[in-house]
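Trainee: Make a model of this:
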Amino acid sequence: MSTNSENKNNKTDNQVSRRSFLGTTGALGAAAFATSAVNWTAKSYAGIVGANDRIHVGLIGAGVIGNAHMNVYNKLKEPNNLSVHAIVDCWKSRADAGRELTDAKYSLTDYRELLDMKEVDYVTVAVPEHTHAHMVIDAFDADKPVYCEKPMTHTIEQAQAVWAKQKETGLPLQVGVQGMSDDSYISARKAIESGIIGDVVQAQIEYVRHYPDHAGPWRVPESVEKYPTKPADLNWDDWLGDAEKIDWNPHHYFEWRNYRRYSGGICTDLFIHRISRIMKACNLLYPRRVVGMGGIWQWDDGRDLPDNFEMICEYPRGMTVYVLGTMSNRRAIDHIIRGTDGYIEFTREGWVAKDDKSNDDKVIAEHKKSGAEDMHLHETNMHNHLRHGEELNCPVELGMAGVVAVNMANESWRSGRMMAWDAENEKMVSADSIELSHKPEKA
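Mentor: All right, here's what the predicted structure looks like:
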């Protein structure tokens, strides 16, 4: 990042390059999110499958998100030469329905049986987040690349364990933040690094919804009422995994995003999509300090996670990121990155950069996106990585950074403290327990 004085001295050069810059960006997946060096083994690239060989996928999880993946598989079978080998779910009826939907060879209730299948080239993990970590690690131990739905893991410690195993095996991990297959963010990153808006100081973004009064976030009363007792072919202990063992509870099974033993709620389910965008565009890793605020303000229905939430992250480079997440009102805010010379505003078409030094908000650059927040593109990026070594759009580094930020926000809300990242010991701590600088770190 250039200093302010450097930006002023090179103003003429920048004005020339801002427009020409547009012609050199926009290739989907053209650059990786690179915050640390990862030594991939040859297996991580075209050695997994041949360039024209059929890719065989196994899916763990046949619920709502799992079904979304199945529909994507069906559309990608021919263009991507993809075959669905097995569908796994702890509820046998769901696994069987998934097999019928995808024409998979097998329906299973134990994911370990899938991992033993040599024919499977990679697995997709689409289950509640509290079971992500051990399934991903088991898949790596079984020599399988992984596409794991967001967030990468439920906790920071789990994310560290997954990253350690990924580095040990050298196997690919694509995190299911599908917005990373929108090339707007890597394009914005190149623009920012060129000095187009000066030094970045702040960003804002949101994920808002308007739920009805009778059923707040993630409540599905029709499913809860239908299954007051556990289905006979559902393995409840397997679903609970490492979580506290309790008797069958349809609220926990169908509405798990409302309970912190399985989820981080708004932060991990929704904010992960938004904070990852800013992280990719601004080349961010771990926040220095984080505050999470909100509450159970509208739906006091037994949930133990907030129904309205917001967070502020402060990053060592010298910028803050604000994320709004009300579930009671869908009025959005602009998605903006602010710099000392201008700002970038993200739109449905891509982004536009404007000069902030004049009163007319002169357009200085713009980008028309070629990608999108799309599961088809994100899965295709995984397939292209396996065949050709194409850079993953949401690799483990970015997945880890997102888990750290949202967990710090949730812990701040839960504890009532500002949280900090202890970089030396690589853990989350109370901000008043360590000495932190209030100046930007030098690049």
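Trainee: neighbours of residue 202, just the number please.
Mentor: By other CB atoms under 10 Å, the residues close to residue 202 number 15. For every residue, glycine as well, the C-beta is placed using N, CA and C.
Trainee: repeat for residue 304
Mentor: Neighbour tally, residue 304, other CB under 10 Å: 11.
Trainee: just checking, it is part of a strand?
Mentor: No - Residue 304 sits outside any strand when classified using DSSP: H, G, I helix; E, B strand; the rest coil, being coil.
Trainee: now the strands for the stretch 101-250 of the chain?
Mentor: For the stretch 101-250 of the chain, applying DSSP state E, counting those that start in this stretch gives strands covering 106-108, 122-125, 146-149, 173-176, 200-206.
Trainee: In CSV: those strands, plus mean pLDDT and distance to residue 253.
Mentor: Output for the strands of the stretch 101-250 of the chain, formatted as CSV (pLDDT from 0 to 100; distance: least, CB to CB, whole Å):
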stretch, mean pLDDT, distance to residue 253
strand 106-108, 98, 19
strand 122-125, 98, 18
strand 146-149, 98, 17
strand 173-176, 98, 21
strand 200-206, 98, 29
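Trainee: would TSV of those strands with distance to residue 157 be doable?
Mentor: Rendered in TSV, the data for these read as follows (distance: least, CB to CB, whole Å):
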stretch	distance to residue 157
strand 106-108	29
strand 122-125	18
strand 146-149	16
strand 173-176	17
strand 200-206	27
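Trainee: Check those for me and report the most buried one.
Mentor: Mean neighbours per residue, mean count of other CB atoms under 10 Å, is largest over those for strand 173-176, with a mean of 28.
Trainee: got the contact list for it?
Mentor: Counting contacts by CB atoms under 8 Å, 6 or more residues apart in numbering, the residues outside strand 173-176 that touch it are 126, 136, 145-152, 162, 166, 375, 378, 381-382, 385, 392-396, 398-399, 402.
Trainee: And that strand, how far out from the chain middle?
Mentor: Taking CA atoms, centre = their mean, to the nearest Å, one finds the center of strand 173-176 at 8 Å from the center of the full chain.
Trainee: CA atoms only: put it into PDB for me.
Mentor: Presented in PDB, the C-alpha positions along strand 173-176 are these (Å, rounded to 0.1, in the frame of the first residue of the first chain):
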ATOM      1  CA  LEU A 173      -9.800 -27.400   1.000                       C
ATOM      2  CA  GLN A 174     -12.400 -25.200  -0.600                       C
ATOM      3  CA  VAL A 175     -14.600 -23.400   2.000                       C
ATOM      4  CA  GLY A 176     -18.200 -22.800   0.900                       C
END
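Trainee: What pairs with that strand, parallel or antiparallel?
Mentor: According to DSSP bridges, the neighbouring strands of strand 173-176, each with its direction, are strand 146-149 (parallel).
Trainee: and the partner strand, how far from the chain's centre?
Mentor: Its chain's C-alpha centre and that of strand 146-149 lie 10 Å apart, by CA atoms, centre = their mean.
Trainee: Toward the C-terminus, what is the element adjacent to the one helix or strand in the chain whose mean pLDDT sits lowest?
Mentor: The weakest-scoring helix or strand in the chain, judged by mean pLDDT, DSSP states H and E, is helix 11-20 (a mean of 32). The first helix or strand that comes after helix 11-20 along the chain, using DSSP states H and E, is strand 55-60.
Trainee: Quick check: which helices or strands does the next helix or strand after that next one pack against?
Mentor: Note on strand 55-60: by DSSP H and E, the next helix or strand toward the C-terminus is helix 64-76. With contacts defined as 3 or more CB pairs under 8 Å, 6 or more residues apart in numbering; DSSP states H and E, the packing partners of helix 64-76 are strand 55-60, strand 82-88, helix 92-102, helix 375-388.
Trainee: if we go to 6 Å?
Mentor: Taking 3 or more CB pairs under 6 Å, 6 or more residues apart in numbering; DSSP states H and E as the contact definition, the neighbouring helices and strands of helix 64-76 are helix 92-102, helix 375-388.
Trainee: Arrange those in a markdown table, one row each, with distance to residue 407, mean pLDDT and mean neighbour count as further columns.
Mentor: Supplementary listing: the helices and strands packed on helix 64-76 in a markdown table, determined by distance: least, CB to CB, whole Å; pLDDT from 0 to 100; neighbours: other CB atoms under 10 Å:
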| stretch | distance to residue 407 | mean pLDDT | mean neighbour count |
| --- | --- | --- | --- |
| helix 92-102 | 29 | 98 | 19 |
| helix 375-388 | 23 | 97 | 21 |
